[in-house]
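Trainee: Fold the following and give me the result.
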Amino acid sequence: MKKFLRDNKGLTLAEIMVAIAVSIIVLGAITSLYITTDKVFKRTKDTSDVKEIAKGGMAQLEWLFQRWGASTPCSNQDPSQCTSITPCGSGGGTFPYPPPSSLCITINQNNPCDEIYFYANLYGNGFVHLPTIEQPILMNIKSCRLSTNQRQNCYHIKRGAKFISDKQNPDIYKPLIFSISGLSNNNLVCTDGTLEPNATISPTATALNGFLKDENGNLIDSYNFEGGEIIMRVPHRIRLFCQQNSQDNNTLWLYMEAIDMATDCNAYEPPQPLIPVDSFKAQLFSQGIRIDMETRGSNGQKFPLTRFFGR
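Mentor: The predicted structure is shown next:
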């Protein structure tokens, strides 16, 4: 019995101290590895998050600039100037409509953000076909998000290269704004890549801001569609600018405001935040505009981004 107890005695104090020291070293190594890994993960996640924010913001800008100049009439008497990139006018946001060029754009330079104005079609358009055989009182159309809803039913009509304009004062060029009726379905998509009709519409549109003339020279407000004409939603004047966002601790964000050029519809889009930024700069070229911006993540991570939008 004495021999058993002598052979199975416990650890000595020195052995316990060595074991504790080894455990502390191992635990310290594991903790250090965890902290380092956690820091790397957070940095990687912050970088990934700010890149995703930048990607989303740039996608919104791309959507806007794809519509830059679409359905926008031009007041210039020289047709070649109607597709040139020129200023929309002087002043801090008060510009004539129609503008001197469909692709007009104005940049007010400021620090850290520039302010940009241009025109864009945010809604629908359509292509007019011939009357239907089954129902001659209707016109076939290819509708791309056309709508007769109250705030959307304001359209320019383009025949060939010209917008239908006011005939009451022909010396003053004023593109007419029309309301349409009898649309078989609102907000139809047109992603099949063809001009095949997908809807019908009443053959007559009503002018909202002027008059046409009949064969006897009388002023009238009705217009009869012809095949080959294009129906285009009256554009909005887009304003891109920076301001503090009260929903994000008053930090700087890029905002968009869209002012409807059709007062009869007035689908005004109040300033909406697009993306958190530290800077937003624009530079014009003969074939487009370059945007340089520095986006900001939720933890202050920054990501510079440059994109050229051509026309």
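
Trainee: Buried ones in stretch 169-186, by neighbour count?
Mentor: Across stretch 169-186, burial judged by 16 or more other Cβ atoms under 10 Å covers Lys174, Pro175, Leu176, Ile177, Phe178, Ser179, Ile180, Leu183. For every residue, glycine as well, the C-beta is placed using N, CA and C.

Trainee: how about a markdown table for those residues, with distance to Pro235 and secondary structure added?
Mentor: Below are the buried residues of stretch 169-186 laid out as a markdown table (distance: Cβ to Cβ, whole Å; DSSP: H, G, I helix; E, B strand; the rest coil):
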| residue | distance to Pro235 | secondary structure |
| --- | --- | --- |
| Lys174 | 15 | coil |
| Pro175 | 11 | strand |
| Leu176 | 14 | coil |
| Ile177 | 11 | coil |
| Phe178 | 14 | strand |
| Ser179 | 16 | strand |
| Ile180 | 17 | coil |
| Leu183 | 20 | coil |
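
Trainee: could you dump those to JSON lines with pLDDT and distance to Val26?
Mentor: Below are those laid out as JSON lines (pLDDT from 0 to 100; distance: Cβ to Cβ, whole Å):
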{"residue": "Lys174", "pLDDT": "94", "distance to Val26": "83"}
{"residue": "Pro175", "pLDDT": "96", "distance to Val26": "79"}
{"residue": "Leu176", "pLDDT": "97", "distance to Val26": "83"}
{"residue": "Ile177", "pLDDT": "98", "distance to Val26": "78"}
{"residue": "Phe178", "pLDDT": "98", "distance to Val26": "80"}
{"residue": "Ser179", "pLDDT": "97", "distance to Val26": "79"}
{"residue": "Ile180", "pLDDT": "97", "distance to Val26": "78"}
{"residue": "Leu183", "pLDDT": "96", "distance to Val26": "75"}
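
Trainee: Taking those residues, tell me the two that lie furthest apart.
Mentor: Taking Cβ to Cβ as the measure, the buried residues of stretch 169-186 span a maximum distance of 25.1 Å, between Lys174 and Leu183.

Trainee: Closest to Val18 out of the buried residues of stretch 169-186?
Mentor: Leu183 (87.4 Å).

Trainee: ok now stretch 72-90, how far from the chain's centre?
Mentor: What separates the centre of stretch 72-90 from the centre of its chain is 22 Å, taken as Cα atoms, centre = their mean, to the nearest Å.

Trainee: returning to what we had before: would you turn the buried residues of stretch 169-186 into JSON lines with distance to Asn153?
Mentor: Formatted as JSON lines, these follow (distance: Cβ to Cβ, whole Å):
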{"residue": "Lys174", "distance to Asn153": "19"}
{"residue": "Pro175", "distance to Asn153": "16"}
{"residue": "Leu176", "distance to Asn153": "14"}
{"residue": "Ile177", "distance to Asn153": "10"}
{"residue": "Phe178", "distance to Asn153": "9"}
{"residue": "Ser179", "distance to Asn153": "5"}
{"residue": "Ile180", "distance to Asn153": "6"}
{"residue": "Leu183", "distance to Asn153": "9"}
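
Trainee: what's the span of stretch 167-175 from first residue to last?
Mentor: Stretch 167-175 has an end-to-end distance of 10 Å (Cα to Cα, to the nearest Å).

Trainee: repeat for stretch 185-196
Mentor: 15 Å.
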